[in-house]
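Student: missing the sequence, but the structure's below:
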């Protein structure tokens, strides 16, 4: 049992990783990117292609893929989201949903229906584990993912509070017009935020590929995981996302223990329960459930 | 204001002709199976289902301002409850409609909960509901997980009776649902619905019951999509949860409404017709067809967010199935956009529906 809890907490690190980009983008631009999961899968496929075709190991491949994801994020904001957000709050949902369908099916067209994994390209890391006191075996990869998530969340928090660029992103997220008045280039801030978000998505995609399998249509599930972790984590800070990810993972672990098909059901039910509590206790989340209060220093 | 009082009218000459046209088309469709091949009858049935899906998604998104990417939950439940009811001994054709009523009833408690979410959170929250419902339906022993089951009891009717009955049921359902929606939009609720569509906060401030009106649209859409799901089951016979709870159904709805014209009554029907033609011509190309659908939806949301009908309507002042009011000023030539409340065109209040 103790073992499963530890595994659950470590899996929560992955969920935090994929969720932080979603809630970050929502906080800054008020847009939920429905192509979020598909873009993570795109990154996984890019790494798979580099590894299988050009023999570039995934960790090295990240040096190519992550900058690419940043460019994709920047372009996504400049050419799609910026334009569709002008048409109201509903259009970006439709735009990004259309994008998700295009990405999923282009991946299917290119790579077929086979499930893939990056595990064969990372050597023994995919199954190596450490023995912790109390005869606990924890996978090295799971620990790496968890530590990466913590470092990334901490780094993002530091970036937002300590750097000039981070402050201008925060100012834009609070009030783009006023930020503009005091000389913040809101367009640039949004594009940078989207680029950062896509780097986290790229990283999440890499870990998705290493710790499990993926196929062209895996994006939807990842999007739901990200959304659930972000909502469970609540509007506290980026660290809330980590808690959200851990709660989601533990609920799934518990679900799987109750019923062989209960893994996903457990996660969805935990999400709905937390949603229910949040809707009926807080002020209905008028600023949005996903909204991080990036303005407060931790 | 001049002495001559402005004329307030509900339709145009075109919309009166359109009204007669609608009656003629319905009669023609009702008689069509006499002249069509079996395959064509099946295709027409599919078209009616598409029109229902588009109109219902449009009612929710275009008029209620609620974009959902989880509407496949009601499509799947419509089919699932029909299977369950038929298994319990109900006549399969009756089961189709009882099932939709149950779907409508189920959507009520869901609405209490989900309508508190806004925009993207509502959209993806509905997707979670759909995913969870899919998993729960899989647990039903009768369904046998992803293997699925069939509406076997429909076999007591021979193939041609079945085909014709389903055709007429689909036609009647489509007309009834469109009529309900039309009546709703034309009646006093319609003014509230359009007020919410244009500005939710402003509508609330003048006393529109925003949540109540949205809930009405939510339940109507759930019921309508439940009917569509049950009808689809009747034509396909087999029920595989993966097919029915597939997000692709919502993708189709979004495509149809976005291309046809979101928030216009005629637009959803036009979108369904276009989707039907595109599917007939390109459906065989498989994955490229889906890429095309996604790309078209993306491009329309960026460049032509009002869709084809919305754009035509705005440019030419077309109004076929008029649900709104328009004011014609006796002295001036009518503004192309129609409903000018005040004589000054600069402050003209445009009304889309």
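Tutor: Thanks, I have it. If you're wondering where the values come from, they're calculated on a predicted model, not measured in any experiment. Numbers count the residues shown, from 1 in each chain, chains lettered A, B, ... in the order given.
Student: flag the shaky bits of chain A, pLDDT-wise.
Tutor: A:235-237, A:282-298 (pLDDT under 70).
Student: can you pull out the strands in it?
Tutor: Secondary structure of chain A (DSSP state E): strands at A:116-117, A:129-132, A:136-139, A:213-214.
Student: repeat for the stretch 51-200 of chain B
Tutor: Remark: strands assigned in the stretch 51-200 of chain B by DSSP state E, counting those that start in this stretch are B:149-150.
Student: so which residue is dead centre in chain B?
Tutor: By CA atoms, centre = their mean, the mean C-alpha position of chain B lies nearest to residue B:55, the distance being 1.9 Å.
Student: nearest spatial neighbour of it, skipping sequence neighbours?
Tutor: Excluding its sequence neighbours, the residue lying closest to residue B:55 (CB to CB, 6 or more residues apart in numbering or on different chains) is residue B:268, at 4.7 Å. Where C-beta positions appear, they are placed from N, C-alpha and C, glycine not excepted.
Student: residues near whatever residue of the stretch 101-250 of chain A ends up closest to chain B, how many?
Tutor: Of all residues in the stretch 101-250 of chain A, the one sitting closest to chain B is residue A:101 (3.0 Å; CB to the nearest CB). Per other CB atoms under 10 Å in any protein chain shown, the neighbour tally for residue A:101 reads 28.
Student: residues contacting the residue nearest to it when sequence neighbours are not counted?
Tutor: What sits nearest to residue A:101 in space, not counting adjacent residues and going by CB to CB, 6+ apart, is residue B:294, at 3.0 Å. Contacts for residue B:294 (CB atoms under 8 Å, 6 or more residues apart in numbering or on different chains) come out as A:98, A:99, A:100, A:101, A:102, A:105, B:251.
Student: which residue ranges form the helices in chain B?
Tutor: Counting by DSSP state H, chain B has helices at residues B:13-31, B:38-58, B:72-87, B:92-114, B:119-139, B:159-186, B:188-198, B:200-205, B:210-236, B:241-244, B:248-260, B:265-282, B:287-303, B:307-316.
Student: what helices or strands is the last one leaning on?
Tutor: Contact analysis of helix B:307-316 by 3 or more CB pairs under 8 Å, 6 or more residues apart in numbering or on different chains; DSSP states H and E lists helix B:248-260, helix B:265-282 as its packing neighbours.
Student: possible to save these as TSV with mean pLDDT and mean neighbour count?
Tutor: Formatted as TSV, the helices and strands packed on helix B:307-316 follow (pLDDT from 0 to 100; neighbours: other CB atoms under 10 Å in any protein chain shown):
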stretch	mean pLDDT	mean neighbour count
helix B:248-260	93	26
helix B:265-282	92	21
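Student: near chain B, which residues of the stretch 1-150 of chain A?
Tutor: Counting by CB under 8 Å from any CB of the partner chain, the stretch 1-150 of chain A comes close to chain B at A:26, A:31-32, A:34, A:80, A:83-84, A:87, A:89-95, A:97-102, A:105-106, A:108-109.
Student: just the buried members of those?
Tutor: Buried members of the residues of the stretch 1-150 of chain A next to chain B, counted by 16 or more other CB atoms under 10 Å in any protein chain shown: A:26, A:31-32, A:34, A:80, A:83-84, A:90-95, A:97-102, A:105-106, A:108.
Student: inside helices: which ones of those residues?
Tutor: Members of those lying in helices (criterion: DSSP H): A:26, A:83-84, A:91-95, A:97-102, A:105-106, A:108.
Student: distance between the ends of stretch A:207-227?
Tutor: Stretch A:207-227 has an end-to-end distance of 18 Å (CA to CA, to the nearest Å).
Student: what comes up buried for that stretch?
Tutor: By 16+ other CB under 10 Å, the buried positions in stretch A:207-227 come out as A:207-211, A:214-220, A:222-227.
Student: just stretch B:28-43 next, same as before
Tutor: When burial is assessed from 16+ other CB under 10 Å, stretch B:28-43 yields the following buried residues: B:29, B:33, B:41.
Student: so which of the residues you listed is the closest to residue A:11?
Tutor: Using CB to CB, residue B:41 comes nearest to residue A:11 of those, at 51.5 Å.
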